[in-house]
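Colleague: only geometry, no sequence info:
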């Protein structure tokens, strides 16, 4: 996601999970804080088992920040490959939140990881831009023409970013809740995300700010439709 300055600190320990049926093999999970040591023992998760696993964390976000519980589930599922990505398993980061200057100035831990973004470049500027940015392995995804007749290229680039490292998935969920509810750029989307009926509209609005991927909201809404069918 794009870097956004955010004043936050890691949350204090939230309420512990009660003993519940495991989404894996029918065994029983003991109370967990979803810390990295516990996460390391998780098997590969499917979408269904990921949803079942983090449901209690989504309930906590709804209770604390008022955001409808399905929203953080689907966004974290998409960002973390159902909780299986290296960033999720090794660094506890389920939402792809980057480490801003404010985060680093506080001495908070970071993870230097590869990622990709999309940028818009005019045809006129593309030769010079691509020569200067060849290390980003630019790939033209599609072309478009603006009302003035100028051709634009939508370009995918690969690069490294510093992401936030969390000691647990609970911390990751809580920091995301702080971001969406506390950053002014999300203020309108945040109000929409509080209600199940308006949440899909809020997801679309949030997606335009959260990342450079133009199809991001479509991906999230596909997962929404699985959990919240019309």
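Modeller: Done, it's in. Just so it is clear, the structure is predicted and the values come from calculations on it, not from any experiment.

Colleague: What separation do you get for the nearest residue to residue 97 once chain neighbours are set aside and residue 92?
Modeller: On the basis of CB to CB, 6 or more residues apart in numbering, the spatially nearest residue to residue 97 that is not a chain neighbour turns out to be residue 164, at 5.1 Å. Heads up, the C-betas are built off the backbone N, CA and C, glycines and all. Distance of residue 164 to residue 92, given as CB to CB, to the nearest Å: 9 Å.

Colleague: For residue 15, report the pLDDT, please.
Modeller: Model confidence at residue 15, given as pLDDT, is 36.

Colleague: same thing with the one 3 residues further on?
Modeller: The confidence metric pLDDT takes the value 33 at residue 18.

Colleague: Name the SS class of the residue most central in space within the chain, please.
Modeller: With distances taken as CA atoms, centre = their mean, residue 95 lies nearest the centre of the chain, 2.6 Å away. Judged by DSSP: H, G, I helix; E, B strand; the rest coil, the three-state class of residue 95 is coil.

Colleague: could you pull out the strands for the protein?
Modeller: 20-21, 28-29, 110-122, 139-145, 151-164 (DSSP state E).

Colleague: how about the helices in this structure?
Modeller: 36-39, 47-65, 70-80, 86-91, 101-105, 126-132, 169-182, 187-193, 199-210, 216-227 (DSSP state H).

Colleague: which helices and strands does the fourth one pack with?
Modeller: Looking back up the chat, that one is helix 86-91. helix 36-39, strand 110-122, strand 151-164 (3 or more CB pairs under 8 Å, 6 or more residues apart in numbering; DSSP states H and E).

Colleague: For that helix, which residues meet the burial criterion?
Modeller: Within helix 86-91, the residues scored as buried using 16 or more other CB atoms under 10 Å are 87, 88, 89, 91.

Colleague: Low-confidence ranges, this structure, go.
Modeller: Filtered on pLDDT under 70, the chain yields the residue ranges 1-31, 116, 136, 159.

Colleague: Outline the domain layout of it.
Modeller: The chain breaks down into these domains under automatic domain parsing: 20-96+166-227, 110-160.

Colleague: can you tell me the distance between the two ends of the shortest one?
Modeller: I take that to be domain 110-160. Length of domain 110-160, first residue to last, CA to CA, to the nearest Å: 12 Å.

Colleague: That'll do, ta.
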